[in-house]
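Asker: pasting a predicted model and its sequence here:
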Amino acid sequence: MFRVGILGATGAVGQRFVQLLDGHPDFELVALTASEESAGSSYRAAAKWRVSTPIPEDVASMTVTATEPEAVPDDLDLLFSSLPSGVAERVEPAFLEAGYVVSSNSSNARLDDDVPLVIPEVNPDHLDLIEVQREERDWDGALIKNPNCSTITMVPALAALDQFGIERVNVSTLQAVSGAGYSGVTSMEIIDNAIPYIGGEEEKMETESRKLLGTVGDGGVDWHEASVSASCNRIATIDGHLENVFVETDADPSTEEIAEAFRAAASQDLPTAPDPLIEVFDEPDRPQPRLDRMVGDGMAIAVGGIQQNDDGFQFNVLSHNTIRGAAGASVLNGELLADRGWL
């Protein structure tokens with residue numbers, strides 16, 4: 001068993017980490033950190049538990065520590081980070097310099113040349129950047145990032161289609177309120193409404209997707225050359241990001257060939273990896289957040305509405321934004337690190 005901890009364990013994503021690590025076959029949760037105000041409290045007292053499953057009893061009684069290297073055990077094999085990006089930008093390097101391996105959901109450093117931005121089923125070879133990172137930054141730790149929740153919904157489907165030569169992608173998202181955190185969108189803002197702007201989200205989709213689909217080159221990643229344009233919208237669903245994706249390719253595949261490419265997308269032999277990776281729906285009105293966000297225990301990608309248009313083809317894609325799009329993605333990256341011998 002690998003001994004693991006969570007940085008920022010009391011927030012929405014931190015709670016999802018706790019849920020997903022409960023009973024994990026390879027990871028033993030032994031450390032929880034939070035703000036200075038919560039340090040010294042039991043996890044039950046520090047976390048306002050909002051996940052649908054009960055708080056694990058063994059975790060509830062654990063003492064929360066401050067988020068600093070001196071406050072956590074020095075024999076941890078892996079840390080999961082769900083810190084706000086502004087905090088993570090300051091705090092994560094201290095843990096890395098102290099020799100910790102960090103699988104982070106935070107958005108800072110995702111586009112750094114020497115930081116692996118990874119979806120295990122898409123680009124596991126990007127872990128090779130860890131050696132570059134250690135040499136460039138002169139630390140013994142390692143930092144690996146998972147992408148933004150909207151990016152990770154779309155990219156596995158794009159990776160399956162890259163055999164046809166992707167040239168251009170346009171995507172419009174319908175994103176759940178949980179993606180903004182528990183206090184991110186007020187009820188007065190979102191009820192009877194849709195918000196056609198999510199700060200920074202469009203840029204993340206347009207850049208992270210090209211890095212994920214790129215290839216490891218000399219000291220970094222050669223980004224995919226496709227043009228990616230995104231329009232991101234917040235709607236009044238609780239969980240599950242739904243996206244309408246329009247793709248232009250060099251080849252001209254049929255809808256049957258596109259569906260088969262999705263079905264053939266390779267999974268990974270890891271404890272929480274879904275099989276199949278992509279669940280294809282034939283119905284034109286699927287996937288839907290309420291019905292389909294938990295496919296593959298919330299770790300699979302749901303695709304439907306495949307059709308050709310004048311410029312190429314289009315489809316709808318959905319994933320659970322706080323499982324596959326956040327904590328689950330980091331846990332899966334941690335499993336990949338263990339499988340590839342980095343822990």
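Answerer: Noted; the coordinates are in hand.

Asker: what segments of the protein are strands?
Answerer: 2-7, 27-34, 65-66, 78-81, 101-104, 142-145, 166-175, 215-217, 220-222, 227-234, 241-249, 278-280, 301-308, 313-319 (DSSP state E).

Asker: need those in CSV with mean pLDDT, mean neighbour count and distance to Arg50, can you?
Answerer: C-beta coordinates here come from the backbone N, C-alpha and C atoms, glycine included. Formatted as CSV, the strands of the chain follow (pLDDT from 0 to 100; neighbours: other C-beta atoms under 10 Å; distance: least, C-beta to C-beta, whole Å):
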stretch, mean pLDDT, mean neighbour count, distance to Arg50
strand 2-7, 98, 24, 16
strand 27-34, 98, 21, 15
strand 65-66, 96, 18, 22
strand 78-81, 98, 26, 18
strand 101-104, 98, 25, 22
strand 142-145, 98, 26, 25
strand 166-175, 98, 21, 19
strand 215-217, 94, 12, 39
strand 220-222, 95, 17, 36
strand 227-234, 98, 19, 19
strand 241-249, 98, 21, 19
strand 278-280, 98, 22, 27
strand 301-308, 97, 20, 24
strand 313-319, 98, 24, 20
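
Asker: how is this structure partitioned into domains?
Answerer: Following automatic domain parsing, the chain resolves into domains at 2-148+326-339, 149-320.

Asker: give me the distance between the two termini of the shortest one.
Answerer: So the one you mean is domain 2-148+326-339. Domain 2-148+326-339 has an end-to-end distance of 11 Å (criterion: C-alpha to C-alpha, to the nearest Å).

Asker: same deal with the longest one?
Answerer: One end of domain 149-320 to the other measures 8 Å (C-alpha to C-alpha).

Asker: in a markdown table: the strands of the chain, plus distance to Arg290.
Answerer: Below are these laid out as a markdown table (distance: least, C-beta to C-beta, whole Å):
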| stretch | distance to Arg290 |
| --- | --- |
| strand 2-7 | 29 |
| strand 27-34 | 30 |
| strand 65-66 | 38 |
| strand 78-81 | 28 |
| strand 101-104 | 30 |
| strand 142-145 | 30 |
| strand 166-175 | 12 |
| strand 215-217 | 38 |
| strand 220-222 | 36 |
| strand 227-234 | 17 |
| strand 241-249 | 10 |
| strand 278-280 | 15 |
| strand 301-308 | 12 |
| strand 313-319 | 10 |
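
Asker: between the ones you listed, which one is closest to Glu136.
Answerer: Closest to Glu136 of the strands of the chain, according to C-beta to C-beta: strand 220-222, at 9.9 Å.

Asker: helices or strands next to that closest one in the packing?
Answerer: helix 129-137, strand 215-217 (3 or more C-beta pairs under 8 Å, 6 or more residues apart in numbering; DSSP states H and E).

Asker: any idea which of those is most buried?
Answerer: helix 129-137 (a mean of 17; mean count of other C-beta atoms under 10 Å).

Asker: helices or strands up against that helix?
Answerer: Against helix 129-137 (3+ C-beta pairs under 8 Å, 6+ apart) you get strand 142-145, strand 220-222.

Asker: can you put these in TSV and add distance to Asn108?
Answerer: Shown next, in TSV, are those (distance: least, C-beta to C-beta, whole Å):
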stretch	distance to Asn108
strand 142-145	8
strand 220-222	17
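
Asker: for those strands, which one sits closest to Ser319?
Answerer: That would be strand 142-145 among these, by C-beta to C-beta, at 17.3 Å.

Asker: run through who's touching the closest one.
Answerer: 92, 96, 101-106, 109-110, 115-118, 127, 130, 133-134, 333, 337, 342 (C-beta atoms under 8 Å, 6 or more residues apart in numbering).

Asker: CA atoms of stretch 17-32 as PDB?
Answerer: Output of stretch 17-32 as PDB, limited to C-alpha atoms (Å, rounded to 0.1, in the frame of the first residue of the first chain):
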ATOM      1  CA  PHE A  17     -10.900  12.800  -2.800                       C
ATOM      2  CA  VAL A  18     -11.800  11.400   0.600                       C
ATOM      3  CA  GLN A  19     -14.800   9.600  -0.900                       C
ATOM      4  CA  LEU A  20     -12.800   8.100  -3.800                       C
ATOM      5  CA  LEU A  21      -9.800   7.000  -1.700                       C
ATOM      6  CA  ASP A  22     -12.100   5.200   0.800                       C
ATOM      7  CA  GLY A  23     -11.300   1.500   0.400                       C
ATOM      8  CA  HIS A  24      -8.800   2.100  -2.500                       C
ATOM      9  CA  PRO A  25      -6.800  -1.100  -3.200                       C
ATOM     10  CA  ASP A  26      -3.400   0.700  -3.500                       C
ATOM     11  CA  PHE A  27      -3.700   3.900  -1.500                       C
ATOM     12  CA  GLU A  28      -3.900   4.300   2.300                       C
ATOM     13  CA  LEU A  29      -5.100   7.800   3.300                       C
ATOM     14  CA  VAL A  30      -3.000   8.900   6.300                       C
ATOM     15  CA  ALA A  31      -2.700  12.700   6.100                       C
ATOM     16  CA  LEU A  32      -5.200  15.600   5.600                       C
END
